[in-house]
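K.L.:
quick one: sequence and predicted model below, then my questions.
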Amino acid sequence: MKQLSIVLSSFLILVSSFAADRPNILWLTSEDHGPHMGCYGDTYADTPNVDALAAKGMLFKHAWSCAPVCAAARTTIIAGMYSPSTGGEHMRSMVAMPKGTKMYPQFLREAGYYCTNNSKEDYNLQKPEGVWDESNGKAHWNNRKDGQPFFAIFNEQCSHESQLRKRPHVAIHDPAKARVPAYHPDTPEVRQDWAQYYDQVTLADASAGRRLKELEAAGLAADTIVFYYADHGSGMPRNKRWPCNSGLQVPMVVYFPPNWKHLAPKEYGAGVKSDRLVSFVDLAPTLLSLIGVQPPEWMQGHAFAGKFQTEPQPFVYGFRGRMDERYDCVRSVTDGRFVYLRNYMPHLSQGQHVNYQFETPSTRVWREMYDAGKLTPEQSIFWKTPKDPEELYDLQSDPDEVHNLAAQPEHAATLAKMRAAQENLALKIRDAGMIAEGEMHHRAEGTTPYDMAHDDSMYPLARILKAAGAASSMKPDAMADLKAGFADKDSALRYWSAMGILMRGGDGVSAAHDEITHAAKDTSTYVQVVANWSLAKYGSDAERAAALPALVSLANWSQHDVFTSLSALNAIDDLGDKAQPIAAQLKELPAKGESPDPRFNGYVARLLADLTGSPPAADDAAEPPAKNKKKNNKKK
């Protein structure tokens, strides 16, 4: 009996020691807002609760969300890997988790944590079983076992893009006092949207305040580490969906109570504003580090707190893939002062017609003024084509990122450094987004995009990245390599050769006429789309007459996969009046079809609606705010 008592005592001591080493962790998150808060020096903002948290805790001056839209950003967080690495960069896509990996809550649950997610998941990765103890609008730490440590997320949606344009609205901020950034025109609509955005941030702050009071009232504040952050930049156009600093910089405030200060970042202190560069890919390894679990090697971020915290990193990174129905391929880097963007599709404007974005009054009036020639050069950048292949901005002198320094000789060394950082990361993480989205899914059949991209025989990334760089460089001396690429056995090389010709317009089609004509009948539908796009836009009348029906055929969802259809419809839309001969045929195309996941289903309908002038079905009209999605994760 005495022996049993000793054993039980030892066990209780062990359990007590284990629990004492495991703080509670609370994440207060909000949607669609940048560091427009008083603690970040914004005098127009009214955010007393997060300001108070920052005063007793610490904020990061340079925190990036990695993606400028919710689903891709959360995908980076939940996996601890960059979304282009997993194939999950495209908005509301769905890909399989890499083999042998887990979502971070699974690690926490294995360590004894009760893990809850209140109101939103929205990942571009298929969710394994057993990720959360609770994930719904009622999820709460209160439901854990006695003495069990918890990890809890409460996500506030009141600051979402959809809410800054909701009318009628009870005003908090005076639109006349709003700061209008240099890229936006100063109009009543723009001021109203900016003021209403700040109003919604104030409401998000109040929500955070209520949660903090609830924590205090429960007697848990002394043992709970608190994070506050937003999921990407503001919901205003040229913020959300664009991977520059205004689209990626988020507030990130952390508080470590005295009991757990030993786990805080090395620079931590009350009221400290840290210069450490952090991003969403760092959150999962940081969580594991906080609970004493060494992050696995496959996680691509760096812990900035806890037992396994690392030294500060020299760069953080961003990306953009498909946004709803519109394609692009952009990668970005910052060192905290300079921001670099690499536009792999410079022929597409920043302001492509994403249906949901155009529901915001600012977007519509901004576009109308551009079409009327009433904008300044800084305000026109968003709409112009082509984009510059490379962009470089100095946040110290140009916080609105409207003066591109990439071509200035005095910044050549900085440009080269940032370019190398972007390319090195792409190679390191095996960026799976350097081929057409449908091609990625095709090559990954039977495996995952991540595992496919790590097999050089399936995905020769160094060659593909070089081809994409040459194609988008717009340099005349790249033409020889582009023409040679049409003969490559790998369709990705042929795709980028065709893209390079398209980007160079009529001169490109003339210089590689035989190659682009042959490519119009390539075995890859993605090469076919680009080649026929080039011929329809820049070829002769006879070539256009042949290319237009080919694009209609490629756009037919009943004959091709959803990705080919999306690509072809985007090409047709770019043709403008040159697509008039096929207007009647477009009205006959199906707006529904088979796809790998229901999340893709509305995009073809939206493009057809834009092209034919008929409204899409109600359920296809807008990007859903996507609350907790048992339905969307049902699949598979």
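P.N.:
Good, I have the coordinates.
K.L.:
what sits closest to Ala270 if chain neighbours are left out?
P.N.:
Lys56 (5.4 Å; CB to CB, 6 or more residues apart in numbering). Quick note: C-beta positions are derived from backbone N, CA and C, even for glycine.
K.L.:
do you know the pLDDT at the one you found?
P.N.:
With respect to pLDDT, Lys56 has a value of 98.
K.L.:
how about it, what does it touch?
P.N.:
Tyr255, Ala270, Gly271 (CB atoms under 8 Å, 6 or more residues apart in numbering).
K.L.:
quick one: contacts for the second one?
P.N.:
Taking CB under 8 Å, 6+ apart as the definition of contact, the neighbours of Ala270 are Ala55, Lys56, Gly57, Met58.
K.L.:
make CSV from these and add secondary structure and distance to Arg241 to it.
P.N.:
Below are the contacts of Ala270 laid out as CSV (DSSP: H, G, I helix; E, B strand; the rest coil; distance: CB to CB, whole Å):
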residue, secondary structure, distance to Arg241
Ala55, helix, 33
Lys56, helix, 35
Gly57, coil, 30
Met58, strand, 30
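K.L.:
which among those count as buried?
P.N.:
Using 16 or more other CB atoms under 10 Å as the burial test, these include Gly57, Met58 as buried.
K.L.:
for Asn24, see how far away the nearest residue to Gly87 once chain neighbours are set aside is.
P.N.:
Closest residue to Gly87 apart from its sequence neighbours, by CB to CB, 6+ apart: Pro449 at 2.6 Å. Noted for Pro449: a distance of 35 Å to Asn24, by CB to CB, to the nearest Å.
K.L.:
neighbour count winner among those two?
P.N.:
Remark: of Pro449 and Asn24, Pro449 carries more neighbours, 28 against 23, as counted by other CB atoms under 10 Å.
K.L.:
related to what we said a few turns ago, which of the contacts of Lys56 fall in strands?
P.N.:
Among the contacts of Lys56, the members found in strands (DSSP state E) are Tyr255.
K.L.:
could the contacts of Lys56 go into JSON lines alongside pLDDT?
P.N.:
What follows is the contacts of Lys56, written out as JSON lines (pLDDT from 0 to 100):
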{"residue": "Tyr255", "pLDDT": "98"}
{"residue": "Ala270", "pLDDT": "98"}
{"residue": "Gly271", "pLDDT": "98"}
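K.L.:
now do the contacts for the closest residue to Thr187 other than its chain neighbours.
P.N.:
In this structure, Thr187 finds its nearest non-sequential neighbour in Val365, 5.5 Å apart by CB to CB, 6+ apart. By CB under 8 Å, 6+ apart, the contact set of Val365 is Pro185, Thr187, Glu189, Val190.
K.L.:
same check on Pro386?
P.N.:
Pro386 touches Pro346, His347, Met474, Met503, counting by CB under 8 Å, 6+ apart.
K.L.:
just give me the neighbour total for the last one.
P.N.:
Neighbours of Met503 under the rule other CB under 10 Å: 23.
K.L.:
spit out the contact partners of it.
P.N.:
Met503 neighbours (CB under 8 Å, 6+ apart): Met345, Pro346, His347, Pro386, Ala471, Ser472, Met474.
K.L.:
ok, back up a step: tell me the contacts of the residue nearest to Gly87?
P.N.:
By CB under 8 Å, 6+ apart, the contact set of Pro449 is Thr86, Gly87, Gly88, Val95, Ala96, Ala432, Met440, His441, Arg443.
K.L.:
what residue ranges in this protein score low on pLDDT?
P.N.:
For the chain, the stretches flagged by pLDDT under 70 are 1-20, 616-636.
K.L.:
tell me which two in the contacts of Pro449 are the farthest apart.
P.N.:
Maximum pairwise distance in the contacts of Pro449, criterion CB to CB, is 15.4 Å, between Gly88 and Arg443.
K.L.:
which residues in the stretch 1-150 of the chain form helices?
P.N.:
Secondary structure of the stretch 1-150 of the chain by DSSP state H, counting those that start in this stretch: the helices cover 2-20, 48-56, 70-79, 83-86, 104-110.
K.L.:
the stretch 201-350 of the chain too?
P.N.:
Applying DSSP H, counting those that start in this stretch to the stretch 201-350 of the chain gives helices spanning 245-248, 283-290.
K.L.:
and for the stretch 351-500 of the chain?
P.N.:
Per DSSP H, counting those that start in this stretch, the stretch 351-500 of the chain has helices spanning 361-371, 377-380, 412-429, 437-443, 449-453, 461-473, 479-485, 491-503. These are given in chain order.
K.L.:
tell me the helix or strand right after the last one.
P.N.:
In this case it means helix 491-503. Downstream of helix 491-503, the first helix or strand assigned by DSSP states H and E is helix 505-511.
K.L.:
who does that following helix touch, helix- and strand-wise?
P.N.:
Under the contact criterion of 3 or more CB pairs under 8 Å, 6 or more residues apart in numbering; DSSP states H and E, helix 505-511 touches helix 479-485, helix 491-503, helix 525-538.
K.L.:
the first one: which residues count as buried?
P.N.:
When you say that, I think you mean helix 479-485. Met479, Asp481, Leu482, Lys483, Gly485.
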